[in-house]
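J.: the following block contains a protein sequence and its predicted model.
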Amino acid sequence: MSGIFTRIKIKNVKGADIAYLYQKETLESIGLKPHEFDSNETFFNVGDEFTIENNVYRVVKITSKFFSETFEIDYQGTNIYGIDEPEPYNFQITYFVENVKTND
């Protein structure tokens, strides 16, 4: 049996892959917030907004996928902001987002 190794995929509803994330700290840096009831818990749900670079995104849909194998990273995939280091994964959570605004 294998442990769960998670990759977070952020994908625009119009089709573009925005980023792949592997660290909770990276999610915190873009807007994952502690829950107001219990600061030891954090959530990232539909309707939440976050910022990458100067772009504000809103989560509109969340899906998850288990893979039958663990993928070892030996390539550089699409990660337009380059904000996280690739790690092995066998589970993926995809956040589908829409653009809210650009902070320029």
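T.: Nice, I can see it. Residues are numbered from 1 along each chain as shown.

J.: tally of neighbours for Ile18?
T.: Neighbour count for Ile18, taken as other Cβ atoms under 10 Å: 21. Yep, even glycine has a C-beta here, placed from its N, CA and C like the rest.

J.: partner residues bridging the closest residue to it other than its chain neighbours?
T.: Sequence neighbours aside, Ile10 is the residue nearest to Ile18 in space, at 4.3 Å (criterion: Cβ to Cβ, 6 or more residues apart in numbering). Note on Ile10: beta-bridge partners by DSSP bridges are Ala19, Tyr95.

J.: residues in contact with Ile10?
T.: Applying Cβ atoms under 8 Å, 6 or more residues apart in numbering to Ile10 gives the contacts Asp17, Ile18, Ala19, Tyr20, Leu21, Ile52, Tyr57, Thr94, Tyr95, Val97.

J.: count of residues packed around the fourth one?
T.: Other residues within reach of Tyr20, judged by other Cβ under 10 Å, total 24.

J.: same question for the first one.
T.: Burial measure for Asp17: 14 neighbouring residues, criterion other Cβ under 10 Å.

J.: so it sits against Ile8, correct?
T.: No. Checked against Cβ atoms under 8 Å, the pair Asp17 and Ile8 is beyond contact range at 11.8 Å.
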